[in-house]
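S.K.: Sequence isn't available, so here's the structure alone:
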């Protein structure tokens, strides 16, 4: 069970979750979206949790100040597509048009975010499907369904049935980073683990993959700053 309580002024929303497995109070601030979560043992009093949060309020606010600012998807904002920041420009076009340094979107700023999200999802599916098919062919494997989600804890996954899932936000990263995630997940078709044999498959598909892996670790959270 999860509830939201507010802390201090200006108020900070705290997601409080009770857990039968928790043995102590555990505080976490997401590096992706700045969400503050407190896990509380099932039998602990709410007053204990509130007291704990008051003690940690200064620490929480200090860490929230370091969180990257969110970016609204509106005309004039810059949105990365395939690793390149592009200004969102509203024009009389009827369809979204991608240019080297800007994106043309139809008039109607209230629909800009939804239109661009749909546009990026189509791009992401095309790129990820092509990359996955290419790498699977190199391994002599095949995969099942390919789905896109807006996941926050992982960039991709491969099920034991061979189905692939990817975050559509990968289309905002450099193309080589998207390719690395595809190579990583497709390699699970051969090795459903993270053993040395698995990483050898990844290296065979994408030599020098570690630089792209490190890019995601350093910069991936920033892709969630963009609020669609």
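M.R.: Cool, got the structure. Keep in mind the model is a prediction, meaning the values are calculated, not measured.
S.K.: Pull out the buried positions in stretch 119-133.
M.R.: By 16 or more other CB atoms under 10 Å, the buried positions in stretch 119-133 come out as 119, 120, 121, 123, 124, 125, 127, 128, 129, 131, 132. The way it works is simple: take the backbone N, C-alpha and C, and place the C-beta from them, glycine included.
S.K.: Return the helix or strand in the chain with minimum mean pLDDT.
M.R.: Ranked by mean pLDDT, DSSP states H and E, the helix or strand of the chain with the weakest confidence is strand 2-7, at a mean of 88.
S.K.: Tell me which residues are up against that strand.
M.R.: Outside of strand 2-7, the residues within contact range by CB atoms under 8 Å, 6 or more residues apart in numbering are 12-18, 46, 49-50, 53-54, 57, 60.
S.K.: And the furthest pair within the residues you listed?
M.R.: Spatial extent of the contacts of strand 2-7 (CB to CB) is set by the pair 18 and 57 at 21.1 Å.
S.K.: Return the list of strands paired to the least confident helix or strand of the chain, each annotated with direction.
M.R.: Each strand paired with strand 2-7, and its direction, by DSSP bridges: strand 12-19 (antiparallel).
S.K.: can you give me how far the partner strand is from the chain middle?
M.R.: Put simply, strand 12-19 sits 21 Å off its chain's centre (CA atoms, centre = their mean, to the nearest Å).
S.K.: how close does the residue most central in space within the chain get to residue 41?
M.R.: Centroid-nearest residue in the chain, with CA atoms, centre = their mean: residue 152, separated by 4.2 Å. For residue 152, the distance to residue 41 equals 25 Å [CB to CB, to the nearest Å].
S.K.: for the record, mean pLDDT for stretch 158-165?
M.R.: Confidence over stretch 158-165 (mean pLDDT, whole number) is 97.
S.K.: Between the two ends of it, how far is it?
M.R.: 6 Å (CA to CA, to the nearest Å).
S.K.: Show which residues not belonging to it make contact with it.
M.R.: So stretch 158-165 is contacted by 128, 132, 141-149, 151, 156-157, 185-186, 188-189, 192 (CB under 8 Å, 6+ apart).
S.K.: One more: stretch 65-77?
M.R.: For stretch 65-77, contacts defined as CB under 8 Å, 6+ apart pick out 29, 31, 34, 78-79, 87-90, 105, 109, 112-113, 116-117, 221-222, 225-228.
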